[in-house]
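Asker: Give me coordinates for this.
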Amino acid sequence: MEYVSQPLSQPWGAAFSIDLRRLTVLRELERRGSLARTAEALHLTPSAVSQQLAALARDLGVPLTERDGRGVRLTGQARVLLAHAEVIAAQLERARADLAAYGEGGRGTVTVGCFSSGILGLLPPALRTLGDRLPQLRVDVVEAEPPDLFTALDGGQVDVAVAVDFAAAPPHTDRRYTREDLLTDVLDIALPPGHRLAERAQVPLRELATDAWIVGKSLSCCGAVTRSVCAAAGFTPDVRHDVNDWAALAGLVEAGQGVALVPRLVRSLYTHRELVLRPARGEPPSRNVFVAVRAGAERDPVVAAVLEELRTAAARVSA
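Answerer: Now for the predicted structure:
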């Protein structure tokens, strides 16, 4: 597989155009760092990704990738182009929003991507109110987390992304998105009945260093947050069970198979469970929940309505 690294002749004269689909592939390569991961994220083959990048390089007359060992890296010209790509994408979203605002609004379909505990604890009140307010609006919900959630947001498969800040999420400075913090979700300690610390009003996390732990997958937001919280407390958890389903996790804790951290967003699931929920001593472990849309899309009246109801629901949950 060949990658052009030498200067190319610039084929364009007065007319200059860019295939936005190919530009999306370049943006994803910047995020993913390899052809294989880019291909997986975009549901393409590595060969197809390479062909799209080569075609974009030919269209523009500049090299966009160069060899880097067994992989590729972006050229300086590619990074110049990507800086403009963020502006182009945001302006297109503004144009779409202005066209939507020209009509009566309140119609159409919005797809919300959200992590599992957000779907349980945050979306239902927002969707109920939104249904009363805009009965002709269809809202689809998909369960997803970064980085796949933001690949879907970039590609238009998702219009509104609700996520947790952790390593796989985009930084606050990412200009591709307009984002807003919604709430701080505190994590409590779930203990089996009869646990040695169950009678404590607050539980020091460090005293659970020798316990078996039930933790989500390492690439999931809760799995990553739990591991980082334990590391901050001075230990690596002995993970006996990798479980992402909150009801299943509660069942394992109830059965005495380990301890866990559970977000207050899903606390209603545990009301009738025979397990003990205790706050951690000191500064409570927590995670930041935020919402993001493509830069410029916040002006779309339908998207703006969804954002408004998410803010209201988040305020109620926090209260």
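Asker: contacting residues around the closest residue to Leu35 other than its chain neighbours?
Answerer: Counting by CB to CB, 6 or more residues apart in numbering, Pro46 is the residue found nearest to Leu35 once chain neighbours are left out, at 4.6 Å. To be clear about C-beta, it is placed using only N, CA and C from the backbone, and glycine gets the same treatment. Shown in contact with Pro46 (CB atoms under 8 Å, 6 or more residues apart in numbering): Met1, Leu35, Ala36, Thr38, Ala39.
Asker: now swap in Leu265 and tell me
Answerer: Counted by CB under 8 Å, 6+ apart, Leu265 has contacts Ser117, Gly118, Leu120, Gly121, Leu122, Asp185, Val289, Val317.
Asker: gap between it and Arg37?
Answerer: 30 Å (CB to CB, to the nearest Å).
Asker: and Asn260, how many neighbours?
Answerer: Careful, residue 260 is Ala; it's not Asn. Ala260 has 29 neighbours, counted by other CB atoms under 10 Å.
Asker: Report the beta-bridge partners for it.
Answerer: In this entry, Ala260 is beta-bridged to Ala190, by DSSP bridges.
Asker: So it sits against Ala212, correct?
Answerer: No: assessed by CB atoms under 8 Å, Ala260 is found out of contact with Ala212, at 9.9 Å.
Asker: Skipping adjacent residues, who's closest to Ala57 in space?
Answerer: According to CB to CB, 6+ apart, the nearest residue to Ala57 is Leu64 (4.5 Å).
Asker: Read off the pLDDT value for the most centrally placed residue in the chain.
Answerer: Closest to where the C-alpha atoms of the chain average out (CA atoms, centre = their mean) is Pro146, at 3.2 Å. Note for Pro146: predicted pLDDT of 93.
Asker: All the helices of the stretch 201-319 of the chain, in order from the start?
Answerer: For the stretch 201-319 of the chain, the helices defined by DSSP state H, counting those that start in this stretch cover 221-232, 246-254, 301-318.
Asker: Looking at those helices, which is nearest to Val158?
Answerer: Minimum separation from Val158 across the helices of the stretch 201-319 of the chain (CB to CB) falls at helix 301-318, 11.3 Å.
Asker: For the top helix by length along the chain, name the packing helices and strands.
Answerer: In the chain, taking DSSP state H as the definition, the longest helix is helix 76-102. The contact analysis (3 or more CB pairs under 8 Å, 6 or more residues apart in numbering; DSSP states H and E) places helix 76-102 against helix 20-32, strand 286-294, helix 301-318.
Asker: Of those, flag the one that's most buried.
Answerer: strand 286-294 (a mean of 22; mean count of other CB atoms under 10 Å).
Asker: Now do it: everything it contacts.
Answerer: By CB under 8 Å, 6+ apart, strand 286-294 touches 89-90, 93, 118, 122, 150, 153-154, 159-166, 170, 176-187, 221-222, 225, 263, 265, 303, 307, 310, 314.
Asker: Now do that strand, average pLDDT.
Answerer: On average, strand 286-294 scores 96.
Asker: Just say helix, strand or coil for the residue nearest to Leu261 when sequence neighbours are not counted.
Answerer: The shortest distance from Leu261 to any non-neighbouring residue, by CB to CB, 6+ apart, is to Leu187 (4.3 Å). With DSSP: H, G, I helix; E, B strand; the rest coil as the basis, Leu187 sits in strand.
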